[in-house]
Every structure is written in C-alpha cells, then in structure tokens.
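Undergrad: here you go, sequence then predicted model.
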Amino acid sequence: QEESIKVPKGIKISIKSKIVEVTGKNGTLKRDFKHLPIELYLANCGKEVRAKMYFAKSKQLSMLRSVCSHINNLFDGVEKKFQYKMRLVYAHFPINA
C-alpha cells in the first residue's frame, strides 16, 4: 500500500533513514519514524512525499495514514505560527504559582 502527500510551496523537506525534517518560514521541525515498519521517500523532484508499506492489514494501514497526518501537521507547524498559553487549574490541592 502507498500514500502520497504534496509538499506545499516554500517548504523544504529532507528524509534520511525515516527521520523527517521540515523547514519553513517559521522554523524547523523534526520527527522520527524509525519505530514503524514503513518506507519513506521523496518523489517528483522533492514535491511529493510517499509512504509505502508492504503486506499490510487494516491495522497497519491505519498506522500508515497516521504517519501521513503527522507529516501534514509538520507542514502546518512550519507554515503557521502558534502560541500556547498554559492555564493552572486545580481540583482539590491549591497550586502556588
């Protein structure tokens, strides 16, 4: 089975031994997929990422689709800028902050 993802314009991607590194205007993100039995490679002169898995059942195919979702989230993370605000909440014991 095979899934493919288009690389958006303005984003560089490098894949080396299942480590995906995505660089965009808002920084660089790196993700490691070495624990999964998949094959990742660039196609169409680096304009497309392909994830391939051999002899996969439905549970393994869900893993393949989640890898593609992770890579799409990496693209979103370097395109858009995010700001997280942490909120302290307690139910029983008070927190001194």
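TA: Good, I have the coordinates. Numbers count the residues shown, from 1 in each chain.

Undergrad: now do the strands in this structure.
TA: 2-6, 12-16, 19-24, 27-32, 39-43, 48-52 (DSSP state E).

Undergrad: just send those strands back as CSV, with distance to Lys81 and mean pLDDT too.
TA: For the C-beta atoms, the positions are set from N, CA and C on the backbone; glycine is no exception. Shown next, in CSV, are the strands of the chain (distance: least, Cβ to Cβ, whole Å; pLDDT from 0 to 100):
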stretch, distance to Lys81, mean pLDDT
strand 2-6, 22, 89
strand 12-16, 18, 91
strand 19-24, 10, 92
strand 27-32, 9, 90
strand 39-43, 26, 90
strand 48-52, 23, 91
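
Undergrad: what sits up against stretch 58-73?
TA: Stretch 58-73 is contacted from outside by 1, 3, 5, 20, 22, 31, 33, 36-38, 40, 49, 51, 53, 56, using Cβ atoms under 8 Å, 6 or more residues apart in numbering.

Undergrad: farthest pair in those residues?
TA: Pairwise distances across these peak at 24.9 Å for Val22 and Ala56 (criterion: Cβ to Cβ).

Undergrad: more neighbours, the two?
TA: Val22 (25 against 15; other Cβ atoms under 10 Å).

Undergrad: give the contact list for the nearest residue to the more buried one once chain neighbours are set aside.
TA: Residue nearest to Val22 in three dimensions, not counting chain neighbours: Leu74, with 4.4 Å by Cβ to Cβ, 6 or more residues apart in numbering. By Cβ under 8 Å, 6+ apart, the contact set of Leu74 is 20, 22, 29, 31.

Undergrad: pairing partners for Glu2 in the sheet, please.
TA: Glu2 has these beta-bridge partners by DSSP bridges: Lys52.

Undergrad: report the separation between it and Leu40.
TA: 11 Å (Cβ to Cβ, to the nearest Å).
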